[in-house]
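Trainee: quick one: sequence and predicted model below, then my questions.
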Amino acid sequence: MKDLNYYLNLQYEVKMIGAAGAWAAAIPALPDCVAEGKTPQEAMAKLEEAKKSWIESRLKSGQPVPEP
C-alpha cells in the first residue's frame, strides 16, 4: 500500500503566480491544493505543508491520491 511518504516524495508539477508581496503556488494534480506567501519561498514552504495535509486527508478518507 502506498503511504504518505510515497506521495510526498513524488515530483508534482507546481504552478506559481504573483508579484512582489503576493505569491500563490498550486499543485494542479491535487485539486484545491494551494498556498500563498509574501515571497516565492514562503509560498512554496506553505504549499509543502498544504500538500502533506491534502494527501493525509485523502488517505484517511480512503479516496485516491492522484500521481503526477
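Mentor: Now that the structure is in, tell me what you want to look at.
Trainee: which residue is nearest the centroid of this protein?
Mentor: Nearest residue to the geometric centre of the chain (C-alpha atoms, centre = their mean): K51, 3.2 Å.
Trainee: wait, isn't it in contact with Y12?
Mentor: Yes - applying C-beta atoms under 8 Å as the test, K51 and Y12 come out as touching, 7.2 Å apart. All C-beta spots, glycine's among them, are computed from the backbone N, C-alpha and C.
Trainee: any common contacting residues for those two?
Mentor: I27, L30 (C-beta atoms under 8 Å, 6 or more residues apart in numbering).
Trainee: what are the ranges of the strands in this structure?
Mentor: Ranges of strands within the chain are 15-19, 22-26, 34-37, based on DSSP state E.
Trainee: quick one, the second one and strand 15-19 angle?
Mentor: Here the directions of strand 22-26 and strand 15-19 differ by 170 degrees (axes from the mean of the first three to the mean of the last three C-alpha atoms, to 10 degrees).
Trainee: ok now strand 22-26, how far from the chain's centre?
Mentor: Its chain's average C-alpha position is 11 Å from that of strand 22-26, according to C-alpha atoms, centre = their mean, to the nearest Å.
Trainee: show me which residues of that strand are buried.
Mentor: In terms of neighbour count (16 or more other C-beta atoms under 10 Å), strand 22-26 has its buried residues at W23, A24, A25, A26.
Trainee: quick one: contacts for the residue nearest to the centre of the chain?
Mentor: Listed by C-beta under 8 Å, 6+ apart, the contact partners of K51 are L8, Y12, I27, L30, C33.
Trainee: rerun that using 10 Å as the cut-off
Mentor: By C-beta atoms under 10 Å, 6 or more residues apart in numbering, the contact set of K51 is Y7, L8, L10, Y12, V14, A25, I27, L30, C33, A35.
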